[in-house]
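Visitor: Here is a sequence together with a model predicted from it:
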Amino acid sequence: MFHATLDSSKTWKQIVDALATLLTEVNFVVNKNGITLTQLDSSKVAMIDLTLPAGVFQEFNCDEEMQLCLGVDELTKISRRMAADDRLEFDVGDDKRFEIKMIGQAERVFRLQMLTPPDNQAKRPDLKFMAKLEMNSDALKQAVKDIGVISNHIKVTADKKSVIFAGEGDTGEAEVQLTTGEDSVIYDLDSKEKSTAMYALNYLSEIVKAVAADTVIIQFSDDKPMRLDFGIAEAGSISFVLAPRIERR
């Protein structure tokens, strides 16, 4: 019914770690084109969107579309048992169990019972943004950590030449300003107008930890959701969408 192989256990671990930032259960949709996932977290504050084309895998065969609903805790524990040089095989057979085989110094097999998939699938939101930037992911992680010293929320402002991350709390204020130019950690910035929005720092902190690529694309508008995109396994991609925190005026 479904069979795939993956030479890189590191890639699989990155995928599982990214999903674990928001979800306790994952519902993969698998068909001949690859694997996708679009899910809201339990509080409906954030969404994760995963695309793994069949070409990411060394082998990929799926004779009919199916949903693979699995517990994140179990996937995380299994991924931690993978050695760096393990080759992975994934199978779903007639018994409807999800099998992960690790082939290295030993051949190890884990079989998971699948959970009941949700009645309704989340849909990718149709969002239009006024600001879009591509930046160094480590610089983003450092900026989020800096603001977290003072605040439990983060305000992001972009204009044509700079991006500012800021926050305030009972003990003071923090601000990180990044400008475009030579040797900048901002590789591209397109801001149609000055845009400002605020987000919960606890969510954004977990999301940026999941960024496994060297660069990340951020898009947002005034008081609208933020979208973060980064690549995984060359042809794959992961997106996070985070709802804004609206200031009382």
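Guide: Now that the structure is in, tell me what you want to look at.
Visitor: Contact partners for residue 183?
Guide: Contacts here follow C-beta atoms under 8 Å, 6 or more residues apart in numbering; on that basis residue 183 touches nothing. Any C-beta I mention is one placed from the backbone N, CA and C, and that applies to glycine too.
Visitor: That one: what secondary structure?
Guide: State at residue 183, reduced to three classes by DSSP: H, G, I helix; E, B strand; the rest coil: coil.
Visitor: going forward can the numbers begin at 42, since that is how I track them
Guide: Got it, the first residue is 42 from now on, which makes the last one we talked about residue 224.
Visitor: and the gap between it and residue 180?
Guide: Going from residue 224 to residue 180 by C-beta to C-beta, to the nearest Å gives 12 Å.
Visitor: Over to residue 256?
Guide: Per C-beta to C-beta, residue 256 is found 10 Å from residue 180.
Visitor: With residue 246 instead?
Guide: As judged by C-beta to C-beta, residue 246 and residue 180 stand 15 Å apart.
Visitor: Residues contacting stretch 236-249, please?
Guide: 62-63, 86-87, 171-172, 178, 181-182, 185-186, 188-189, 192-199, 208, 257, 261-265, 267, 269, 281, 283-288.
Visitor: try 6 Å
Guide: Here stretch 236-249 makes contact (C-beta atoms under 6 Å, 6 or more residues apart in numbering) with 62, 87, 171-172, 181-182, 185, 189, 193-199, 261-264, 267, 281, 283, 285-286.
Visitor: Next up, the contacts around the closest residue to residue 250 other than its chain neighbours.
Guide: Among residues not flanking residue 250 along the chain, residue 62 sits closest, at 6.7 Å (C-beta to C-beta, 6 or more residues apart in numbering). Neighbour list for residue 62: 247-248, 251 [criterion: C-beta under 6 Å, 6+ apart].
Visitor: What of residue 202?
Guide: 220-221.
Visitor: Need the pLDDT of it.
Guide: Predicted confidence (pLDDT) at residue 202: the value is 93.
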